[in-house]
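Enquirer: next input, structure requested:
(one chain, ligands or ions: 3)
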Amino acid sequence: MKNQLIREVLNDSLFKKFDIVDWGCTTDPRPVTWEHFSAWVEKGHNGILKYLEGDRKEKRESIKNYFPEFESALVFQFSYADQKFALDNFYNSSESNGLKVAGYVMGFDGVDYHHVLKERLDAIGKLIQAVDPEVEYKISLDIHPVLERDLAYRAGLGFFGKNSMFISKSKGSFFLLGSLLLSKDYDFESKPIETDHCGSCTRCIDACPTVAIDPNTRTIISDKCISTYTIELFKDLGEAPVGMENSDGEVFGCDICQDVCPWNKRLLRINRDVDREESKSETYQSIMDFFLKRPIAKIIEDLEALSNRKFQKLFFGTPLQRTGRVGLLKNIRFFSNKSKKS
Ligand code: B12
Ligand code: SF4
Ligand code: SF4
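Expert: Residues are numbered from 1 along each chain as shown. Ligands and ions are numbered 1, 2, ... in the order given. Now for the predicted structure:
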């Protein structure tokens, strides 16, 4: 009975409201790719991402290490594909200054998805608790010690691409994953495990400017990845990944290995008639106006003149806060130096 009522809560209008393009469930707390992940860390491929080592690595071996009451997970795919494609239209326009931020940055009106999706997941958790007050839940959203791609795989939502992205045949890869870990199993119908759909394609591997994809293991060598350098490295230590000079203005995150993927191109093609407008939100526009439309020299001048505190205030609640003023200056100077050299 409760199963039925909760199933009714998880309805299409809720999913539409929250940009959820697919969802699934799994009851197994143990990742099937644990050995794969562990070997990646043992090889040191996590690089500067020290939070994936030691205890925090071990915790990922079972969801029960994070949430002992775990009985099932509801895994959601939150799409930002439309805003990503609108952003690409902007990059191709004469208004663009040539700098790029990753699609997910602008995908939630310029607001940090950790805030937006946490609210959505909490709202769903509360709806479930309204039906079953005894159920407890915990959120898994990026920063929690859960192998999220593995969880989504077990929920039958897609496959692991050679670019290491979790890909859905019908939704591409421009979505984020977020899950509700529940202390009960409602016995929802499960989806079959998806098979690999990369075939002989190597487009992502060929397109990665820094050769960060290890084709044998389908993993990323973190320190070579532009995403790591531009988001996770907050100081200017003078060493950008070799090959970054061949990238295309990526100053916060990188979408290159997804842009070339046929599964995203297909999504764009089948939805070609969708009217994609840029968000009108103030936060979105403030990032566009400051970073993506003005001459690069002027951006550098303004960032140099700002205090760290003022920067944090200006970009409060956006993904850019993570890297901060100094980290962004490092990234933007890289492209300024590059264009001076060429
Ligand atoms: C650390 C991290 C990073 C690191 C390392 C990325 C990486 N690929 O390992 C850096 C900073 C580089 C990064 C970059 C990005 N990230 Co990130 N990141 C994470 C984080 C926190 C952990 C990932 C991790 O453990 N990596 C280690 C590898 C070994 O594990 P994995 O990525 O889960 O990959 C699994 C599959 O590769 C699988 N597998 C694949 N092939 C095969 C083959 C065999 C035989 C087997 C057994 C297994 C297997 O096994 C792995 C272990 O489960 C997750 C959130 C989370 N808690 O999981 C987000 C996450 C993976 N990131 C995400 C995003 C959006 C990005 C970026 C697109 C952001 C951007 N635009 O710049 C890029 C994409 C780069 C890329 N091509 O992967 C999303 C991905 C959503 C999706 N559709 O896949 C996640 C899930 C966050 C979220 N909640 O949505 N990220
Ligand atoms: S995100 Fe960019 S740098 Fe990282 S693996 Fe993909 S293409 Fe290479
Ligand atoms: S570009 Fe090709 S090889 Fe890479 S993830 Fe997409 S389908 Fe797989």
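
Enquirer: does stretch 127-146 come close to ligand 1?
Expert: Yes: counting by C-beta under 6 Å from any ligand atom, ligand 1 has neighbours in stretch 127-146: Leu141, Asp142, Val146. Every C-beta, even on glycine, is put in place using the N, C-alpha and C of the backbone.

Enquirer: how far does stretch 50-60 sit from the chain's center?
Expert: Stretch 50-60 sits 20 Å away from the centroid of its parent chain (C-alpha atoms, centre = their mean, to the nearest Å).

Enquirer: residues of it that come out buried?
Expert: The neighbour-count check on stretch 50-60 (16 or more other C-beta atoms under 10 Å) flags Leu52, Lys57, Arg60 as buried.

Enquirer: now for the first one: which residues touch it?
Expert: I take that to be Leu52. Going by C-beta atoms under 8 Å, 6 or more residues apart in numbering, Leu52 touches Val41, Asn46.

Enquirer: wait, which of the residues of stretch 127-146 next to ligand 1 is closest to Asp22?
Expert: Leu141 (16.6 Å; C-beta to C-beta).

Enquirer: now do the contacts for the closest one.
Expert: Leu141 makes contact with His114, Leu117, Lys118, Leu121, Gly178, Ser179, according to C-beta under 8 Å, 6+ apart.

Enquirer: skipping adjacent residues, who's closest to whatever residue of the stretch 101-250 of the chain ends up closest to ligand 3 in space?
Expert: Relative to ligand 3, the nearest point of the stretch 101-250 of the chain is Gly161 (2.8 Å; C-beta to the nearest ligand atom). Distances taken as C-beta to C-beta, 6 or more residues apart in numbering place Ile167 nearest to Gly161, at 4.6 Å, with adjacent residues excluded.

Enquirer: now for that neighbour, how many residues are close by?
Expert: By other C-beta atoms under 10 Å, 27 other residues sit near Ile167.

Enquirer: assumed it was part of a helix.
Expert: No: Ile167 is assigned strand when assessed by DSSP: H, G, I helix; E, B strand; the rest coil, not a helix.

Enquirer: thinking again about what came up before, the residue of the stretch 101-250 of the chain closest to ligand 3 touches Cys198, doesn't it?
Expert: Yes: between Gly161 and Cys198 there is a contact at 5.8 Å, judged by C-beta atoms under 8 Å.

Enquirer: pretty sure Ile63 sits against Leu181.
Expert: Yes: between Ile63 and Leu181 a contact is recorded at 6.2 Å, counting by C-beta under 8 Å.

Enquirer: give me the common contacts of the two.
Expert: Residues touching both Ile63 and Leu181 (C-beta under 8 Å, 6+ apart) are Phe70, Ala73, Ser140, Val146.

Enquirer: list the contacts of Tyr91.
Expert: Applying C-beta under 8 Å, 6+ apart, the residues near Tyr91 are Lys100.

Enquirer: any idea how far it lies from Leu180?
Expert: Tyr91 sits 35 Å away from Leu180, taking C-beta to C-beta, to the nearest Å as the criterion.

Enquirer: pLDDT weak spots in the stretch 201-342 of the chain?
Expert: For the stretch 201-342 of the chain, the stretches with pLDDT under 70 are 339-342.
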